[in-house]
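Asker: using only what follows, build the 3D model:
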Amino acid sequence: MLWIKAFHIVFVITWFAGLFYLPRLFVYHAMSTDQASQERFKIMERKLFRGIMTPSAVLALLSGIAILHFVPGFLHTGWMALKLVLVGLLIFYHVWCGVILKAFREDRNTRSHVWYRWFNEAPVLALVAIVVLVVVKPL
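Answerer: Predicted structure coming up:
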């Protein structure tokens with residue numbers, strides 16, 4: 001069980017690294033004006049999303065499910081219910097990042113770098129809430 005928890009934490013950290021960095025790349029991509037920079041951002045975004053973020057998300061979810069399998073009592077707590085709602089929102093955010101990545105890849109982005117700066121803040125709020133729920137267990 002401790003091995004699963006340890007790897008769950010590692011996978012969550014790597015997933016969040018991508019959730020923090022990809023929208024930051026979107027900020028710079030939205031600001032870029034030359035074709036070479038735009039193509040470089042497309043490659044960086046694709047590799048981050050497909051090579052790090054998505055595998056990390058899948059492994060974080062699988063290890064989280066394994067933890068719930070070994071400690072099913074967690075499912076009867078308020079803090080876990082709220083954490084799972086937040087994880088669901090993070091999955092939605094992850095998929096939304098994939099949609100944005102596709103728009104950039106197809107040169108269809110219509111949003112400004114300012115919008116992406118705000119968009120970049122959402123996973124920070126989720127992370128703070130999830131850590132407080134897991135550590136403090138207020139519900």
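
Asker: if we go by neighbour counts, what in stretch 42-59 is buried?
Answerer: Buried positions in stretch 42-59, judged by neighbour count with 16 or more other C-beta atoms under 10 Å: 42, 45, 48, 49, 52, 53, 54, 56, 57, 59. Just so you know, the C-beta spots here come from the backbone N, C-alpha and C atoms, and that holds for glycine as well.

Asker: residue 126: which of those is nearest?
Answerer: Closest approach between those and residue 126, by C-beta to C-beta: residue 57, at 13.0 Å.

Asker: right, and that closest one touches residue 95 too?
Answerer: No. In this structure residue 57 lies outside contact range of residue 95 using C-beta atoms under 8 Å: 9.8 Å.

Asker: quick one on the thing from earlier: which of the buried residues of stretch 42-59 sit farthest apart?
Answerer: Across the buried residues of stretch 42-59 (C-beta to C-beta), the longest gap, 25.3 Å, separates 42 and 59.

Asker: with residue 92 as the reference, measure out to the most centrally placed residue in the chain.
Answerer: With distances taken as C-alpha atoms, centre = their mean, the residue of the chain nearest its centroid is residue 19 (3.7 Å). Computed with C-beta to C-beta, to the nearest Å, the distance linking residue 19 and residue 92 is 12 Å.

Asker: sec struct for residue 134, please.
Answerer: With DSSP: H, G, I helix; E, B strand; the rest coil as the basis, the three-state label of residue 134 is helix.
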